[in-house]
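Q: pasting the structure only:
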């Protein structure tokens, strides 16, 4: 694509490239442009594993009517249909709870904005069945956090992830999780979008730019178009885009021309050009997203290109880890045929950590280094020393971290 730096996709499994080609058929005449190149020697089990991991199976299934069914085994189509149907039921289930929670909070004078769930799917795709969501994420003012927690607990939710006797310091975190065992629904309450000290717009500003969802009869509020786009960019970049669903969202938003040159004031005030440039490069290369002229300068920044290339390693390796957890047979095939699997554990670890470090701001890098040098309970678990020798954890910490990471990659 003109004006976009090409990135190296040679390490991507051909099964993943086929998935991307199927999703990107929007502006093609049928399947012919990808038939000969991408349908040869496909491992269809791996194809399904990657569709699940990247949470793009609803989009893939929705495109199957454009493909010659002879090209895809029947069991693959049937599996995708079953999972597409189950996801639709899940999104309907979440829609009902989303409406109930919105009504409960509003009636108790708590303003809330939905960050995740059916309302976001409807806003981006116009169809809740085309996007997956395992839980509901809500942003509220921090002053309402205690009241919101009481409301959820009274409704049968239980707080997750906090050991008895320990309390999170709100200034060090940005959300807490609650789970309803009967409804099997998780809700995350956010009082910030990102972990401190990341810069972000205030709740009041986000509230002023909010939209109302028409998905339910009771009002549901979500981010304005620009705020949702920037949030998805930051969220995807922070997590290395290891689920390509986030890039599919970016692709759809751009195709709908919801982000235009007039949004630059918001970009300059709160958001990082390098992360937006990275998202645009990846979307254009992986989803064939048409990047509008006014945004091309963002794709030419060196840092954006570097982050886009590093994220490919992250995307591929996280897919490898998912397969390792799902199926030993699929992992064996993956290791045999795909170049990235042949890299040493140390090299994989290096690339993963390099991305996670590179995506940080300068102040985040400083905090990261300070935390890295400070021993914690994991070091004590790795190597138990007498209290008199605890001072040795400081010089030994790099070796202890190295030892733990090596074990994880085996």
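A: Sure thing, it's come through. Predicted model only: the values in this text are computed from it and were never measured.

Q: now the strands for the chain?
A: 113-116, 135-139, 158-159, 175-180, 185-190, 211-213, 220-222 (DSSP state E).

Q: who touches the fifth one?
A: Identification of contacts with strand 185-190 by C-beta atoms under 8 Å, 6 or more residues apart in numbering yields 93-94, 97, 101, 115-116, 134-140, 145, 148-149, 152, 157, 160, 174-180. (Each C-beta comes from the backbone N, C-alpha and C, glycine too.)

Q: looking at the strands of the chain, which is closest to residue 294?
A: Across the strands of the chain, the minimum distance to residue 294, taken as C-beta to C-beta, is reached by strand 211-213, at 22.7 Å.

Q: ok, what's across the strand from residue 177?
A: On the basis of DSSP bridges, residue 177 is bridged to residue 188.

Q: pLDDT score for it?
A: Looking at residue 177, its pLDDT reads 94.

Q: can you say which of the contacts of strand 185-190 are buried?
A: Using 16 or more other C-beta atoms under 10 Å as the burial test, the contacts of strand 185-190 include 94, 97, 101, 115-116, 136-140, 145, 148, 152, 157, 174-179 as buried.

Q: okay, the strands of the chain in TSV with distance to residue 350 next?
A: As requested, these are exported to TSV (distance: least, C-beta to C-beta, whole Å):
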stretch	distance to residue 350
strand 113-116	32
strand 135-139	32
strand 158-159	37
strand 175-180	30
strand 185-190	32
strand 211-213	42
strand 220-222	39
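
Q: distance check, residue 116 against residue 179.
A: 15 Å (C-beta to C-beta, to the nearest Å).

Q: quick one: low-confidence parts of the stretch 251-400 of the chain?
A: Across the stretch 251-400 of the chain, the ranges flagged by pLDDT under 70 are 258-271, 320-346, 372.

Q: and the stretch 1-150 of the chain, by the same measure?
A: Using pLDDT under 70, the stretch 1-150 of the chain drops low at 1-5, 26-36.

Q: switch the cut-off to 90
A: Where the stretch 1-150 of the chain drops to pLDDT under 90, the residues are 1-14, 21, 24-41, 63-72.

Q: doesn't residue 194 make contact with residue 234?
A: Yes: at 6.5 Å, residue 234 counts as touching residue 194 under the criterion of C-beta atoms under 8 Å.

Q: so for those two, which sits in the more crowded spot?
A: Using other C-beta atoms under 10 Å as the criterion, residue 234 and residue 194 rank with residue 234 on top: 21 against 16.

Q: who are the contact partners of that one?
A: Neighbour list for residue 234: 193-194, 271-272, 275 [criterion: C-beta under 8 Å, 6+ apart].

Q: nearest residue to the middle of the protein?
A: When C-alpha atoms, centre = their mean is applied to the chain, the residue found nearest the centroid is residue 236 (4.6 Å).

Q: run through the residues that contact that residue.
A: Contacts of residue 236 by C-beta under 8 Å, 6+ apart are 246-247, 250, 279.

Q: how about a cut-off of 6 Å?
A: Shown in contact with residue 236 (C-beta atoms under 6 Å, 6 or more residues apart in numbering): residue 246.

Q: now do it against residue 366, distance only.
A: From residue 236 across to residue 366, the span is 24 Å (C-beta to C-beta).

Q: hmm, which of the contacts of residue 234 are the buried ones?
A: So, by 16+ other C-beta under 10 Å, the buried ones in those are 193-194, 271-272, 275.

Q: dump the residues you listed to JSON lines, plus distance to residue 206.
A: Formatted as JSON lines, the buried ones among the contacts of residue 234 follow (distance: C-beta to C-beta, whole Å):
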{"residue": "193", "distance to residue 206": "8"}
{"residue": "194", "distance to residue 206": "13"}
{"residue": "271", "distance to residue 206": "13"}
{"residue": "272", "distance to residue 206": "18"}
{"residue": "275", "distance to residue 206": "18"}
